[in-house]
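S.K.: no sequence on this one, just coordinates:
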């Protein structure tokens, strides 16, 4: 069978997407070895109390943490089984981001097939997880993923829904109803994390500006209603978290002066970006390269008028200039809560910024591909796209090689879990266990039974105390 250029391009991109999907499948499988760690014990022990979810959430908001929407998520995870959560959320992210790209591309000149957009979504997610500052904490540790991973997934569905709604003629009543839904939905999503909440506010503002600057006049009022409602809900969410009495517990520096805050909002993103380019040069180059190859391999009908001159070519040049600026601004927005109340964000807190930077690099490469790509180089670009699939395959293989480590830890955790439950069931309420190594910098049980991790675990298991042997490495009979 003779293949034309379009068929070669399709198979090359599908090969790239298959390689990225294989890596994501391995990441999802690793999630089956997820077990409770540190804060997880505390959160799940709260669900064992006689209080309902609303009461638990209010108590937590007042006394422990400003993140008021996390407890229903923990309840769902407990019902589902935490070992399935990471895989489910990766799958949902693929669906949500694919839907978002499909709806968003209806507002721009270049019209891509859905399978191309889904392939791009899959690659962006793979590259983001691959480069996560602390992959285990960001994706697998339940107490962290709820606040820094899940909001990205939920927001992609909300934003895609807004774009889909704007694409159809609607009555004023349905527009008002959708606006109310957006307020409630973003209020709940924002209550998972002020970090991602601040980033969502910045994204909504940028999209609103884009509609008013470049959008059709008849879409400006509906867009302002829906996006404005979402923005209002996000601002209310951030205000509610800012007013939590529990903030005094989590803040180490106290509120900083605005001059220092603005300095940090430049220094922190700049440091994050330059550190990424220094420490992760290969994935950064690949991200731009794959974006370039995907768009430079477009057939002429897909490339549209961008190869010519005129207004669309000018828009392309402006997009090339603005993409890095917008990327920097969104990273700064995600760092703003940490810059204001704490310091440079921890590794797990930087995962939303990692997704933003990955997307920014990909977009810049894709824009360059649209600008510089030529018909005579399509075959070469297609062949390079197919050959570069070896990189995500390499990522899949590297992840696969870590499976024994996670499996060993899960087996050790299960052994300890069964031991604690057997002792409790036999009436022993003060339990000592052999030490275990922690995962990815997360604190394990301590020798001191009064350590906060031990106390949370004791409450979760329903015993008086749990401690760790200082020297004995074996369980008693």
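M.R.: Great, that's in hand. All of these numbers come straight from a predicted model, not from anything done at the bench. Numbering: from 1, shown residues only.
S.K.: Roughly how far does the residue nearest to residue 421 when sequence neighbours are not counted sit from residue 445?
M.R.: Closest residue to residue 421 apart from its sequence neighbours, by Cβ to Cβ, 6 or more residues apart in numbering: residue 461 at 6.9 Å. Just so you know, the C-beta spots here come from the backbone N, C-alpha and C atoms, and that holds for glycine as well. To residue 445, residue 461 is 11 Å away according to Cβ to Cβ, to the nearest Å.
S.K.: okay, these two: which has more neighbours?
M.R.: It is residue 445, of residue 461 and residue 445, that has more neighbours when counted by other Cβ atoms under 10 Å, with 23 against 19.
S.K.: Double-check that the more buried one belongs to a strand.
M.R.: No - counting by DSSP: H, G, I helix; E, B strand; the rest coil, residue 445 is not part of a strand but coil.
S.K.: and it, what are its phi and psi?
M.R.: Residue 445 adopts backbone torsions of phi -60, psi 150, taken as degrees, to the nearest 10.
S.K.: Equivalent analysis for residue 467, please.
M.R.: Dihedral pair for residue 467: phi -140, psi 170, per degrees, to the nearest 10.
S.K.: what's the burial count for it?
M.R.: With other Cβ under 10 Å as criterion, residue 467 counts 18.
S.K.: Quick check on the spatially closest residue to it that is not a sequence neighbour: phi, psi?
M.R.: Once flanking residues are discounted, residue 467 sits nearest to residue 449: 4.1 Å by Cβ to Cβ, 6+ apart. Main-chain dihedrals, residue 449, degrees, to the nearest 10: phi -70, psi -20.
S.K.: got the contact list for residue 449?
M.R.: Residues near residue 449 by Cβ atoms under 8 Å, 6 or more residues apart in numbering: 430, 455, 458, 465, 466, 467.
S.K.: Helix, strand, or coil at residue 432?
M.R.: Note that with three-state DSSP, the state of residue 432 is strand.
S.K.: Give me the nearest residue to it, chain neighbours excluded.
M.R.: Using Cβ to Cβ, 6+ apart and skipping residues adjacent in sequence, the residue nearest residue 432 is residue 467, 5.0 Å away.
S.K.: separation between the residue sitting nearest the centre point of the chain and residue 157?
M.R.: For the chain, the residue nearest the mean C-alpha position is residue 149 (3.6 Å; Cα atoms, centre = their mean). For residue 149, the distance to residue 157 (Cβ to Cβ) stands at 14 Å.
S.K.: what does residue 165 give?
M.R.: Taken as Cβ to Cβ, the span from residue 165 to residue 157 is 12 Å.
S.K.: intersection of neighbour lists for those two?
M.R.: Common neighbours of residue 165 and residue 157, using Cβ under 8 Å, 6+ apart, do not exist here.
S.K.: picking up where we left off before, how about the residue nearest to the centre of the chain, what does it touch?
M.R.: By Cβ under 8 Å, 6+ apart, the neighbours of residue 149 are 89, 138, 139, 351.
S.K.: now do 6 Å
M.R.: By Cβ atoms under 6 Å, 6 or more residues apart in numbering, the contact list for residue 149 reads 138, 139.
S.K.: And for residue 233?
M.R.: 183, 186, 187 are the contacts of residue 233 under Cβ under 6 Å, 6+ apart.
S.K.: Please identify the helix or strand for it.
M.R.: helix 217-242 (DSSP states H and E).
S.K.: quick one: buried residues of that helix?
M.R.: 222-227, 229-235, 237-238, 240-241 (16 or more other Cβ atoms under 10 Å).
S.K.: ok, now stretch 321-336?
M.R.: Residues of stretch 321-336 classed as buried by neighbour count (16+ other Cβ under 10 Å): 323, 326, 327, 328, 329, 330, 331, 332, 333, 334, 335, 336.
S.K.: Outside of it itself, list whatever touches it.
M.R.: Residues from elsewhere that reach stretch 321-336 (Cβ under 6 Å, 6+ apart): 195, 198-199, 202, 265, 268-269, 345, 352-353, 356, 360, 363-364.
S.K.: okay if I get the residues you listed as TSV plus neighbour count and pLDDT?
M.R.: TSV is the format used below for those (neighbours: other Cβ atoms under 10 Å; pLDDT from 0 to 100):
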residue	neighbour count	pLDDT
195	25	89
198	26	92
199	28	93
202	19	94
265	19	87
268	22	91
269	24	91
345	22	85
352	29	94
353	27	94
356	26	96
360	21	95
363	21	93
364	19	93
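S.K.: Considering the residues you listed, which is situated nearest to residue 410?
M.R.: In terms of Cβ to Cβ, no member of those lies closer to residue 410 than residue 352, at 27.3 Å.
S.K.: That closest one reaches residue 196, doesn't it?
M.R.: Yes - counting by Cβ atoms under 6 Å, residue 352 touches residue 196, with 5.1 Å between them.
S.K.: Can you give the domain ranges for this protein?
M.R.: What automatic domain parsing lists as the domains of the chain is 5-401, 413-468.
S.K.: As CSV, the ones you listed with distance to residue 476 would be great.
M.R.: Putting these into CSV (distance: least, Cβ to Cβ, whole Å) gives the following:
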stretch, distance to residue 476
domain 5-401, 22
domain 413-468, 9
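S.K.: Tell me which of these is the most buried.
M.R.: With neighbours defined as mean count of other Cβ atoms under 10 Å, the domains of the chain peak in mean count at domain 5-401, which reaches a mean of 19.
S.K.: can you pull out the helices in the stretch 51-200 of the chain?
M.R.: Secondary structure of the stretch 51-200 of the chain, counting by DSSP state H, counting those that start in this stretch: helices at 53-63, 70-80, 85-104, 114-130, 135, 142-148, 150-166, 172-190, 194-214.
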